[in-house]
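> using only what follows, build the 3D model:
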Amino acid sequence: MELFQLKYFVNIADTLSFTRSSESLHVSQPALTYQMQRLERELGTQLFDREHRKIRLTPSGEVFLPLAQAVLFRADEAVRVLKEHMGVETGEVRMGCNPSVATYVAPKLLASFRATFPRVTVELVEGGDADLARMVLEGSIDFAVVTASGSPTTLDTTFLTTEELLLVVSPGHRLAGRRSVALPELSHEAFLFPSESFNVTLQVMEACRSAGFEPQVPYRTGSVESVKNFVRQGLGISVLPAMTVGEVSGGGLSVIKVAGGMSRDLNLIQAKDRSPTGAARALMLHVKMYLSGDAD
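All right, here's what the predicted structure looks like:
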């Protein structure tokens with residue numbers, strides 16, 4: 001059970017609407033639904049009744065709500081006390097992340113960080129997981145957000161969040177409009193992969209092989225945005241992280257869940273043998289709270 005799941009639950013309980021909660025939390029509705037399903041499976045009970053496009057708390061949900069609110073309050077209080085203790089005023093931080101995090105997450109994340117620490121300068125360094133881990137160990141960056149956990153002997157790894165991977169097709173594709181698609185149904189499709197999301201590409205290809213087929217990849221392009229444009233033109237399909245897709249209705253793409261679910265983890269890594277500066281500690285804390293859904 002993660003703090004961000006509790007925040008999602010409390011927000012949905014307040015709004016009684018997955019749509020409104022998705023907008024206020026800046027989380028896609030499929031990702032929000034997926035996390036609530038994970039939470040309910042872990043608790044072994046249903047928290048919401050979903051009937052006729054309306055939702056309400058179940059008796060279990062009503063019991064769980066004040067408990068979840070109390071946990072979130074204590075977490076917020078702990079962050080406040082720690083920020084006061086650190087007393088960060090100025091400093092420079094070098095943060096590493098993959099291109100998708102840099103493009104789709106970092107702008108809002110750093111804007112909210114700047115509101116609290118306006119005199120801390122942040123340099124964002126983009127790279128693949130292996131390169132970022134090497135830079136953390138060398139000390140050329142303070143920490144990094146990666147998908148792989150890295151070497152446990154040399155790196156401290158903190159789990160941040162799990163992100164759903166979603167199938168994207170053009171609106172005219174035979175699968176457009178489906179709510180979910182099983183991987184074997186894609187055996188004759190042309191796949192498009194961005195070279196910047198190497199770990200996700202490997203994960204999807206391995207999943208296809210486990211489903212009994214080798215994915216056909218007639219095109220490979222540099223960025224997620226170019227892959228989305230290729231998909232819009234009907235040149236193939238892709239499986240992309242939810243953060244890169246967002247709410248794309250009307251944007252020339254049809255977004256579909258993968259049956260059985262596919263996801264990737266985001267982790268924060270830092271060197272075990274190096275103490276971070278106060279500014280770096282403040283930004284790491286903000287990253288942890290933001291990506292777990294507990295920062296504005």
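> would you map the strands across the stretch 101-250 of the chain?
Taking DSSP state E, counting those that start in this stretch as the criterion, the stretch 101-250 of the chain carries its strands at 120-126, 143-146, 155-169, 180-181, 190-194, 216-221, 238-241.
> so which of the ones you listed is the most packed in?
Among the strands of the stretch 101-250 of the chain, strand 143-146 has the highest mean neighbour count (mean count of other Cβ atoms under 10 Å), at a mean of 27. Placement of C-beta: from N, CA and C, glycine included.
> tell me the strands beside it, with direction?
strand 91-97 (parallel), strand 263-271 (antiparallel) (DSSP bridges).
> for it, the distance to its chain's centre please.
Taking Cα atoms, centre = their mean, to the nearest Å, the mean C-alpha location of strand 143-146 is offset from the chain mean by 13 Å.
> returning to that earlier point: so which of the strands of the stretch 101-250 of the chain is nearest residue 19?
For residue 19, the closest of the strands of the stretch 101-250 of the chain is strand 155-169, at 17.3 Å, according to Cβ to Cβ.
> just how off-centre is that closest one within its chain?
Between the mean C-alpha location of strand 155-169 and the chain-wide mean there is a distance of 5 Å, by Cα atoms, centre = their mean.
> on that earlier part again, give me whichever of the strands paired with strand 143-146 is most buried.
Ranked by mean neighbour count, those are led by strand 91-97 with a mean of 21 (mean count of other Cβ under 10 Å).
> just for this structure, where's the confidence low?
Applying pLDDT under 70 to the chain flags residues 52, 79-89, 149-151, 196-197, 246-251, 293-296.
> so in it, which helix runs the longest?
The single longest helix within the chain, with elements called by DSSP state H, is helix 59-86.
> show me what it packs onto, helices and strands only.
Helix 59-86 sits against helix 3-15, helix 278-291, with contacts defined as 3 or more Cβ pairs under 8 Å, 6 or more residues apart in numbering; DSSP states H and E.
> tell me the contacts of the residue nearest to residue 113 when sequence neighbours are not counted?
Nearest non-adjacent residue to residue 113, counting by Cβ to Cβ, 6 or more residues apart in numbering: residue 286, 4.8 Å away. Residues in contact with residue 286 (Cβ atoms under 8 Å, 6 or more residues apart in numbering) are 109, 112, 113, 116, 295.
> repeat that for residue 2.
By Cβ under 8 Å, 6+ apart, the residues touching residue 2 are 161, 292.
> on that earlier part again, for the strands of the stretch 101-250 of the chain, which one sits closest to residue 24?
Checking the strands of the stretch 101-250 of the chain against residue 24 by Cβ to Cβ gives strand 155-169 as the closest, at 17.5 Å.
> make CSV from the strands of the stretch 101-250 of the chain and add distance to residue 26 to it.
As requested, these are exported to CSV (distance: least, Cβ to Cβ, whole Å):
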stretch, distance to residue 26
strand 120-126, 19
strand 143-146, 17
strand 155-169, 13
strand 180-181, 24
strand 190-194, 23
strand 216-221, 27
strand 238-241, 15
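> nearest to residue 15, of those?
Using Cβ to Cβ, the nearest of the strands of the stretch 101-250 of the chain to residue 15 is strand 155-169, at 20.9 Å.
> name every strand pairing with the closest one and say which way it goes.
Assessed with DSSP bridges, strand 155-169 is paired to strand 238-241 (antiparallel), strand 254-258 (antiparallel), strand 263-271 (antiparallel).
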